[in-house]
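Trainee: Structure, please.
(2 chains)
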Amino acid sequence: MPDSKSNIGKILLTIGRIALAVIFIVAAYAKLKPQAPVPWSMGSMRVSLSMFAMQVDSYQLLPPAIVSPAAHFLPPFELFIGLWLLSGIALRYAALVTSLLLTVFFAVMVRSYFLGLEINCGCFGPGERLGPMTLLRDGSLLALAIAVTIGAFLLNRRRNATSPANTTEAPSLG
Amino acid sequence: MKTFGVKSAPITMEVFSDYQCPACRGFFENTLRYLINDYVASGKVYLIHRDFPLPMHSYSMDAARWANAAARIGRFETVDAALFDNQDKWTKDGSMEQYIAAALGPADFKRVQKLVAGCLTQTPGNTAAAQTNHTCELDTFIQQDVALGKQVPVNSTPTIVITYKGQRYPPMSGIFTWPIMKQYLDSLMSQ
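Mentor: Numbers count the residues shown, from 1 in each chain, chains lettered A, B, ... in the order given. As a prediction, this is how the structure comes out:
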């Protein structure tokens, strides 16, 4: 019985991490893709990132000198996190970083919403208004990321406890 | 015409705005002024003001009527700036007329006043308001802008829509600082 419970846990963990991975990859793609019907190029990506910088700017949180570097860093970082989650390597750390990032996103969105800023979310590219539905969605994503983080840490602890050399770090997934 | 700059500019920017909306004022004062003085003046951007008076703002429609009347005599820029510059004063009681009069001067104010006569909502500050409630020609221009905004769709003000080389980019809402907007416009032109 404990084995079947553990297997269900592993399956849920895998589903959770793949769901998060896909969402992060889609979010990065939406920010990097050409925002008008033009072919992909370095120029089109520069435009997309500058457009994302406008959305970051509209949150009125960061000074202009920080907005642009932050906007150019975030989409590639989201892509990196998505691929990291997909790989399953050191899952507990990938999930922890994901949870921290989503906590920051969620806090910034809640702040902007309650300040009454009528802006675009910028979460999955331009055009999506920040509102209760985006807060609900990002809140759910954060809950999923926290669940995956806890699950990954628990799984790792159990693996270490059953491993003969339980003082060393498990090199495999999770 | 409620426009700034030359139509042949590579970038066309439409701004859907509400004269009573504080964010629109912030956007005008902190971003559009720089844009007008720099990229519009140098022929890089053609700026179009689109009225999108929100129903929750009781004086927005009247302000848009004044701006449209001023546009008929080629003084839109002056009234546009006067309305935003004095927004915190006239939004209390709708008394925008005095600020428009001061900005236009007596002769042009009289011409504009004639155009808005019969269009304005009855408020203590509006001496140009008539008792009649007939369909106002100026409202047609405002309604055309609102219809365009609904097509975008505009969900809040200010919302900007940028067209470059015939390609329309997705609308963006909120206040954007000039340095960041400048970077975006530069990236478009260097594409």
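Trainee: looking at it, residue B:14 is touching residue B:160, isn't it?
Mentor: Yes. Using C-beta atoms under 8 Å, residue B:14 and residue B:160 qualify as a contacting pair, with a distance of 6.8 Å. All C-beta spots, glycine's among them, are computed from the backbone N, C-alpha and C.
Trainee: Run through the helices of chain A in chain order.
Mentor: For chain A, applying DSSP state H gives helices covering A:2-32, A:42-58, A:64-87, A:91-114, A:132-162.
Trainee: One more: chain B?
Mentor: B:22-27, B:33-35, B:60-72, B:76-85, B:87-90, B:97-104, B:106-116, B:137-151, B:178-189.
Trainee: Pipe those helices into a markdown table and attach distance to residue B:5 per row.
Mentor: Output for those, formatted as a markdown table (distance: least, C-beta to C-beta, whole Å):
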| stretch | distance to residue B:5 |
| --- | --- |
| helix B:22-27 | 17 |
| helix B:33-35 | 9 |
| helix B:60-72 | 15 |
| helix B:76-85 | 11 |
| helix B:87-90 | 24 |
| helix B:97-104 | 21 |
| helix B:106-116 | 22 |
| helix B:137-151 | 18 |
| helix B:178-189 | 13 |
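Trainee: Out of those helices, which one sits most buried?
Mentor: Comparing the helices of chain B by mean neighbour count (mean count of other C-beta atoms under 10 Å in any protein chain shown), helix B:60-72 ranks first with a mean of 25.
Trainee: Was I right to think residue A:108 contacts residue A:62?
Mentor: No. At 9.6 Å, residue A:108 does not count as touching residue A:62 under the criterion of C-beta under 8 Å.
Trainee: where does chain B come near chain A, residue by residue?
Mentor: Residues of chain B lying close to chain A by C-beta under 8 Å from any C-beta of the partner chain are B:23, B:155-157, B:164, B:167-177, B:179-181, B:183-184, B:186-188, B:190-191.
Trainee: before we move on, the earlier item: could you redo the helices of chain B as a markdown table and give each row distance to residue A:97 and mean pLDDT?
Mentor: Shown next, in a markdown table, are the helices of chain B (distance: least, C-beta to C-beta, whole Å; pLDDT from 0 to 100):
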| stretch | distance to residue A:97 | mean pLDDT |
| --- | --- | --- |
| helix B:22-27 | 34 | 95 |
| helix B:33-35 | 38 | 97 |
| helix B:60-72 | 46 | 95 |
| helix B:76-85 | 44 | 96 |
| helix B:87-90 | 44 | 95 |
| helix B:97-104 | 53 | 94 |
| helix B:106-116 | 59 | 93 |
| helix B:137-151 | 41 | 93 |
| helix B:178-189 | 27 | 96 |
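Trainee: and chain A, which residues reach chain B?
Mentor: A:35-38, A:41, A:43-44, A:46-47, A:49-51, A:53-55, A:57-58, A:60, A:64, A:67-68, A:117-120, A:125-127, A:129.
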